[in-house]
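1. Sharing a sequence plus its predicted fold:
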Amino acid sequence: MNDIFHISKLLIKKRLKILTLSEELQLKKFNKQYPFSKNIKIEDLVDNIDDYAAINKEKAWESIQKKSQKIKDKTVFKISNKKWYQYAAAALIIGILATAYLLKETLINKPIENTPIIVKQDVKVILPGSDKATLTLEDGSVVILEKGNDYQSQNVNSNGQQIVYKAGDKKTSEIAFNYLTIPRGGQFFIKLSDGTQVWLNSESQLKYPITFIEGKARVVELVYGEAYFDVSPSTEHQGAEFKVFNRSQEVEVLGTEFNIKAYKDETNIYTTLVEGEVAISSGSQYNKLIPGQQSNLNLGNQSITIAKVDVNAETSWRNGIFSFRGKSLKEIMKVISRWYDVDVAFENEKLEDITFKGVLGKNQDIKEILETIKSLSVIKTYEINGKQIILK
């Protein structure tokens, strides 16, 4: 029998929007081989589960396969009300319900884990990114933060995988700044002294005060890169507003969650509002966002456009997933190059503009990702030379 339990897992992962590219391909192949499965409505089938429980799934599936084989050469496959379709639905729903409890634990509460495959070329290994950063203190000294390297000072504590600042002397009139720099192949979490939480993506740098002055605006700077902010409300800080500066843009917030993407090698700055309210200022332009909207500042002509976006897709990187919807291969490989710390070259420049959608786990092996892209007929082949990937 086809591994119906595996297909059931993929169906649930699809509903949760956490399918990887390789899993999406598996499900597409299954739907192509058994077209009826695309029309199964889980909600309708749950009402009849008592009837389905008595069905012999093995025999039902064998019947499905035999009937499907007879008509697989037809160009158009139409769904009918024959009994074999009911067997198919029963087989799927039983598989889904049997694995639902486990999936709740393994898909939602636990991160995706895959064992990396070591590529031994030029004695260099391509591995997924990890928690690491460099902390530049106010006196210019540098501290390496990574797993196994703890760091503590009067108001700062880091276990090497995140860094937390404690509230200092609120009556101070002088501000001292620290820099947190995330390299390619890294990510890091920081909790500022006011309680604001910031998740930093690969190749990013944040400038921030060691402690904020009581009653004064709380200001940080995303020097470059990508960051997700969960801002401590102004009501907890005597009404002090929170601002984020970055190239040609100022973001003013009042207790909210949002994402800013402002990489050095990109000509656009994207600000995505998850909840709350933010105001985007650039030159004489001033725009407010509502949840679900994204502003796009074009650094070339300094114009700002606002559009509704899939917030989950735009911010999924924070939860261990890269979600691509209608992105070009060039854009996708740029994200991958930062996370895996590799250089990507296109032998055929026409490949750069091919668009598709999918989800990647941030712990996936790079070869699995490339094989999936290849299997989708997006590229003919690829080559790995040390830390360089060539798409052909």
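-> It's in. Numbering: from 1, shown residues only.
2. Break down the stretch 251-392 of the chain into its helices, ranges please.
-> Taking DSSP state H, counting those that start in this stretch, the helices of the stretch 251-392 of the chain run over residues 311-315, 329-340, 366-375.
3. mean pLDDT for these: which is lowest?
-> Lowest mean pLDDT within the helices of the stretch 251-392 of the chain: helix 366-375, a mean of 87.
4. how far out from the middle of the chain is stretch 203-211?
-> Here the centre of mass of C-alpha atoms in stretch 203-211, compared against the chain's by C-alpha atoms, centre = their mean, to the nearest Å, lies 22 Å away.
5. what is the rounded mean pLDDT of that stretch?
-> When pLDDT is averaged along stretch 203-211, the result is 96.
6. Can you add mean neighbour count and distance to Glu257 and give the helices of the stretch 251-392 of the chain back as TSV?
-> Heads up, the C-betas are built off the backbone N, CA and C, glycines and all. Shown next, in TSV, are those (neighbours: other C-beta atoms under 10 Å; distance: least, C-beta to C-beta, whole Å):
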stretch	mean neighbour count	distance to Glu257
helix 311-315	18	9
helix 329-340	20	21
helix 366-375	18	29
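7. For Phe258, which of those is the nearest?
-> Proximity to Phe258 (C-beta to C-beta) singles out helix 311-315 among the helices of the stretch 251-392 of the chain, at 8.9 Å.
8. tell me which strands and helices that closest one is in contact with?
-> Judged by 3 or more C-beta pairs under 8 Å, 6 or more residues apart in numbering; DSSP states H and E, helix 311-315 is in contact with strand 268-275, strand 321-328.
9. By mean pLDDT, show me the worst of the ones you listed.
-> With a mean of 85, strand 321-328 has the lowest mean pLDDT of the helices and strands packed on helix 311-315.
10. Direction included, what does the longest strand seen in the chain pair against?
-> Ranked by residue count and defined by DSSP state E, the top strand of the chain is strand 218-230. As defined by DSSP bridges, the strand partners of strand 218-230 come to strand 197-200 (antiparallel), strand 204-209 (antiparallel), strand 242-246 (parallel), strand 257-262 (antiparallel).
11. In JSON lines, list those along with mean neighbour count and distance to Leu145.
-> Conversion of these to JSON lines gives the following (neighbours: other C-beta under 10 Å; distance: least, C-beta to C-beta, whole Å):
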{"stretch": "strand 197-200", "mean neighbour count": "20", "distance to Leu145": "11"}
{"stretch": "strand 204-209", "mean neighbour count": "23", "distance to Leu145": "13"}
{"stretch": "strand 242-246", "mean neighbour count": "21", "distance to Leu145": "22"}
{"stretch": "strand 257-262", "mean neighbour count": "22", "distance to Leu145": "22"}
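12. In a markdown table: the ones you listed, plus distance to Gln152.
-> Converted to a markdown table, the strands paired with strand 218-230 look like this (distance: least, C-beta to C-beta, whole Å):
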| stretch | distance to Gln152 |
| --- | --- |
| strand 197-200 | 20 |
| strand 204-209 | 18 |
| strand 242-246 | 26 |
| strand 257-262 | 29 |
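13. Nearest to Leu222, out of those?
-> strand 242-246 (4.3 Å).
14. what about that closest one, average pLDDT?
-> Over the span of strand 242-246, the pLDDT mean works out to 95.
15. Can we start the residue count at 128 from this point?
-> Happy to do that; since the first residue is 128 now, the last one works out to strand 369-373.
16. That one vs strand 395-402, what angle?
-> 160 degrees (axes from the mean of the first three to the mean of the last three C-alpha atoms, to 10 degrees).
17. Off-centre distance for strand 369-373?
-> Taking mean C-alpha positions (C-alpha atoms, centre = their mean), strand 369-373 and its chain are 23 Å apart.
18. do the same with stretch 377-391
-> From the chain centre to the centre of stretch 377-391 is a distance of 17 Å (C-alpha atoms, centre = their mean).
19. Equivalent analysis for stretch 400-408, please.
-> Distance of stretch 400-408 from the chain centroid (C-alpha atoms, centre = their mean) equals 20 Å.
20. which of the residues in the helix or strand encompassing Lys156 are buried?
-> Using DSSP states H and E, Lys156 maps to helix 148-160. Applying a neighbour-count criterion of 16 or more other C-beta atoms under 10 Å, one finds Leu148, Ser149, Glu150, Glu151, Leu152, Gln153, Leu154, Phe157 buried in helix 148-160.
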